[in-house]
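Enquirer: okay, structure incoming, though there's no sequence with it:
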């Protein structure tokens, strides 16, 4: 499985290790909404199985209250700005 935002692998072994050696208030593995509850979007929303997924802590932070689709497009835009915007 991969984080839907960062595409970094979500390792079962790392998940298991985090459960066995947890730190209160911190988790690299979170359950996120693909279309966040605060977002006013058409399509899958709310607390439905189609709208939730495992997500990394960093991916969840990057996504904020935006849809996965919006953030993926935004990341590409930022990448292009870095790649072609600096001379």
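Expert: Here it is on my side, so go on. Fair warning: this is a prediction, and the values are worked out from it, not measured in the lab.
Enquirer: residues near residue 19, how many?
Expert: 10 (other CB atoms under 10 Å). The C-beta positions use only the backbone N, C-alpha and C, and glycine is treated the same way.
Enquirer: make sure it is indeed in a helix.
Expert: Yes - Residue 19 sits within a helix when classified using DSSP: H, G, I helix; E, B strand; the rest coil.
Enquirer: start to end distance for stretch 48-64?
Expert: End-to-end span of stretch 48-64 (CA to CA, to the nearest Å): 19 Å.
Enquirer: which parts of it are buried?
Expert: Across stretch 48-64, burial judged by 16 or more other CB atoms under 10 Å covers 51, 53, 55-56, 59-60, 62-63.
Enquirer: nearest to residue 11 among those?
Expert: Ranked by distance to residue 11 (CB to CB), the buried residues of stretch 48-64 are led by residue 56 at 10.6 Å.
Enquirer: for residue 2, see how far away that closest one is.
Expert: According to CB to CB, to the nearest Å, residue 56 and residue 2 sit 9 Å apart.
Enquirer: residue contacts, the most centrally placed residue in the chain?
Expert: By CA atoms, centre = their mean, the chain has its centre lying nearest to residue 59, at 3.3 Å. By CB atoms under 8 Å, 6 or more residues apart in numbering, the contact list for residue 59 reads 3-6, 8, 32.
Enquirer: for those, which one is nearest residue 72?
Expert: residue 5 (7.6 Å).
Enquirer: got the phi and psi for the closest one?
Expert: Dihedral pair for residue 5: phi -100, psi -50, per degrees, to the nearest 10.
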